[in-house]
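Novice: got a structure for you, letters missing:
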DNA sequence: CGGTCTCTTGACGGAGTTCAAAGCTAGTGG
DNA sequence: CCACTAGCTTTGAACTCCGTCAAGAGACCG
């Protein structure tokens, strides 16, 4: 729908630039037109834990902060030069007021997000590293080529060293 | 709203009775009036993995199967004698048609579910067993008293033996 | 009572982490 | 266009947390 376009603001992000900094409020839901982003937390030991990746056609936000208006514990930055469409909460309301059919679309996004999160939980707990990695590359074959190894490791909850060894095992078969 | 009541069907479940069996389609979203339920999967080695608990005031379903009409990989059974309000998909549509304000309520449920799932992921990956347990008892203090140890262990993705030792550590401080 | 379910405790083994060092790769500036 | 640096990946060795296996102790119920 052309009529939707003016509800979004267009934004370009260079590699390593941030869309959201920890302790700030997440003002936008982002739709990725081009590039790759990630969201991640930093734990008490200073370790990064990647929560989510997003590429072309994906949506990304910190739902908690976006919906409650409270400070986010999450950072979002660009892993490649990226182009985004940003939707603020007021834009979102206006958009849904104008095009009620989108209610359904946004609900589907939520449902699929929840289903995916549950699926990922099941695959994370108690699954050996190799299986987690195999599951990752079969779920996101395109992402594997674009992401550095240590970021996939962070997403899977293993160390880069372990993932390096796992990968070595796999190609030798 | 009194007017909502007749959209739900009332169901009682004795301890160990099932609401949903693996390989069947999940027909209902359940609201727990009384009791405790759990949803769980069984992996290739025959091990149970608890995905979710639900007590008084919580909603429980297998969203994937419920929304798509496809067979579920998940089981749902009662851990105590329980009372439920069941909502089928057609009931849900009728209800939302009658009381459009509930759209918002159901969207909030989804949002909170997704936020909780993300939170849990962050706390699961790469976190030592003790921290996971401490986080669990501070998040669900009421549940801890009602659940057997080995089920909490299954939810956290550790063995009962490990959780037993963790608990011993904690009380000795 | 006896039987099943639950929790505890011990000994052992293995997958994964940590620490450290060295090899690669890509980007930058002279 | 090359040299250099910083970030990424690989590899090795020691250690640690957790899982596995096995046995025993309570607790609950018919």
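Specialist: Received, thanks. Predicted model, so just to flag it, every value in this text is computed and none were measured.
Novice: Quick check: which ranges of chain A have low pLDDT?
Specialist: Across chain A, the ranges flagged by pLDDT under 70 are A:1-3.
Novice: Close to DNA strand D: what parts of it are there?
Specialist: By Cβ under 7 Å from any atom of the strand, the residues of chain A that approach DNA strand D are A:126, A:148, A:149, A:150, A:160, A:161, A:163, A:164, A:165, A:167, A:168. Quick note: C-beta positions are derived from backbone N, CA and C, even for glycine.
Novice: Can you name the two of the residues you listed that sit furthest apart?
Specialist: Farthest pair in those (Cβ to Cβ) is A:126 and A:148. Separation: 26.6 Å.
Novice: Can I get the residues of chain A next to DNA strand D in CSV including distance to residue B:85?
Specialist: Below are those laid out as CSV (distance: Cβ to Cβ, whole Å):
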residue, distance to residue B:85
A:126, 33
A:148, 49
A:149, 49
A:150, 48
A:160, 49
A:161, 51
A:163, 46
A:164, 51
A:165, 51
A:167, 49
A:168, 53
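Novice: Next, format these as CSV and append neighbour count and secondary structure.
Specialist: Formatted as CSV, those follow (neighbours: other Cβ atoms under 10 Å in any protein chain shown; DSSP: H, G, I helix; E, B strand; the rest coil):
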residue, neighbour count, secondary structure
A:126, 16, coil
A:148, 10, coil
A:149, 12, helix
A:150, 15, helix
A:160, 14, helix
A:161, 10, helix
A:163, 23, helix
A:164, 14, helix
A:165, 14, helix
A:167, 15, helix
A:168, 9, helix
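Novice: Closest one to residue A:38 out of the residues you listed, please.
Specialist: Nearest member of these to residue A:38, counting by Cβ to Cβ, is residue A:148, at 10.9 Å.
Novice: Contacts only, for that closest one.
Specialist: By Cβ atoms under 8 Å, 6 or more residues apart in numbering or on different chains, no residues touch residue A:148.
Novice: Residue A:109 and residue B:111, how far apart?
Specialist: 11 Å (Cβ to Cβ, to the nearest Å).
Novice: cool, and residue A:161?
Specialist: Noted for residue A:161: a distance of 37 Å to residue B:111, by Cβ to Cβ.
Novice: Tell me how many other residues surround the closest residue to residue A:9 other than its chain neighbours.
Specialist: Once flanking residues are discounted, residue A:9 sits nearest to residue A:86: 4.8 Å by Cβ to Cβ, 6 or more residues apart in numbering or on different chains. Using other Cβ atoms under 10 Å in any protein chain shown, residue A:86 has 17 other residues around it.
Novice: quick one, helices of chain A?
Specialist: A:63-68, A:89-98, A:102-124, A:129-139, A:141-146, A:149-156, A:160-171 (DSSP state H).
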